[in-house]
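*Asks:* after the sequence you'll find the predicted model.
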Amino acid sequence: MALKLGKLNRGPHLPALVASSISREIAQGRLKPGDQLPSEQALATTFGVSRNVVREAIAKLRSEGRVWSKQGRGAFVADSTNALVLAIDHDTLRESGAFIHLFELRGILEVEAAALAALRRSQDDLASMQSPLEAMASAPYGSVQWLKADLEFHLAVAQATDNPYMTQFLGFVSEQIRESVLAVGGRGQDSDKMASVTLAEHTSILAAIEIGDAAAAHDAMRRHLDNASQRLGLSIDNRKKPTKTGVPLGRTEKATALPEVGG
């Protein structure tokens, strides 16, 4: 079966796009367990990228359990039953519904992480949160540098929970969001105003964590995500799902909202 691969549009995170394209070939059965991937050079030529980009993409696929490599022989598609690491196709995330669902999951984790961080943070944790805020203050809003610093702040909050699974899972989800934002680009907004507002929201989260107020940290993170959702024009459908008897199920409060570009 012929592979459906081709040159990619240039973007800020090409390895993720290459990995996503190869993942799609695996998911759709054009690459089967045990099949050898084309050589690095062949993939680089096909995608119109450098071999370094291909190497990084294959390393990503290997970390996700989708492929395995043998020195001198190349990369091979892993047995699907052994691919135990969670993976998300970036092409799927271009659909607004899937992107919203991922943000909803992130929001559930983020607000609880902020509350736990307020109870467990150390001075080193606080310093790890402060550093990316300083980087955000000096970077252009929505730039790669801004998004990187934003991600580092949220990961620092997760690390302050002292729960390695929280850190690992939030890191994975946040990275998927960052890569998707980088791939599609930001939206036209008043950059100076958005930078100021967003930085202030992050600062409020840090302030609550610093004084050890779990409820305030929880609320500050929720407020940040809600406000960011409105700025992006995105919202989560909070309609209650009806039961067979017509009595609705679900929470009555506002659903967790989505973070902005760089949220």
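*Replies:* Perfect, I can see it now.
*Asks:* make it CA atoms for all contacts and neighbour counts henceforth
*Replies:* OK.
*Asks:* host element of residue 109?
*Replies:* Per DSSP states H and E: residue 109 is located in helix 96-120.
*Asks:* same for that helix, what does it pack against?
*Replies:* helix 144-159, helix 164-184, helix 191-210, helix 214-232 (3 or more Cα pairs under 8 Å, 6 or more residues apart in numbering; DSSP states H and E).
*Asks:* between helix 214-232 and that helix, find me the angle.
*Replies:* Comparing the axes of helix 96-120 and helix 214-232 via axes from the mean of the first three to the mean of the last three Cα atoms, to 10 degrees yields an angle of 160 degrees.
*Asks:* mind checking which helix or strand residue 76 is in?
*Replies:* strand 74-77.
*Asks:* name the residues of that strand that are buried.
*Replies:* By neighbour count, with 16 or more other Cα atoms under 10 Å as the criterion, the buried positions of strand 74-77 are 75-77.
*Asks:* same deal with stretch 119-138?
*Replies:* 119-121, 125-126, 128-130, 132-133, 135-136.
*Asks:* switch these over to CSV; also include pLDDT and distance to residue 219.
*Replies:* CSV is the format used below for those (pLDDT from 0 to 100; distance: Cα to Cα, whole Å):
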residue, pLDDT, distance to residue 219
119, 97, 14
120, 96, 17
121, 96, 17
125, 94, 20
126, 96, 18
128, 93, 21
129, 95, 18
130, 96, 19
132, 93, 21
133, 95, 19
135, 93, 24
136, 92, 22
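*Asks:* quick check on residue 161: phi, psi?
*Replies:* phi -70, psi -20 (degrees, to the nearest 10).
*Asks:* residues touching it, list them.
*Replies:* Applying Cα atoms under 8 Å, 6 or more residues apart in numbering to residue 161 gives the contacts 113-114, 116-117, 119-121, 167.
*Asks:* possible to save those residues as CSV with distance to residue 48?
*Replies:* Rendered in CSV, the data for those read as follows (distance: Cα to Cα, whole Å):
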residue, distance to residue 48
113, 41
114, 42
116, 45
117, 44
119, 49
120, 47
121, 45
167, 35
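*Asks:* biggest separation within the residues you listed, which pair?
*Replies:* 119 and 167 (15.7 Å; Cα to Cα).
*Asks:* so how many other residues sit close to residue 50?
*Replies:* 15 (other Cα atoms under 10 Å).
*Asks:* what do you get for the one 10 residues further on?
*Replies:* In terms of burial, residue 60 registers 18 neighbours under the definition other Cα under 10 Å.
*Asks:* can you pull the contacts of the nearest residue to it once chain neighbours are set aside?
*Replies:* Excluding the flanking residues, the one nearest residue 60 by Cα to Cα, 6 or more residues apart in numbering is residue 19, at 6.9 Å. Counting by Cα under 8 Å, 6+ apart, residue 19 makes contact with 57-58, 60-61.
*Asks:* having no further points to raise, I will conclude here.
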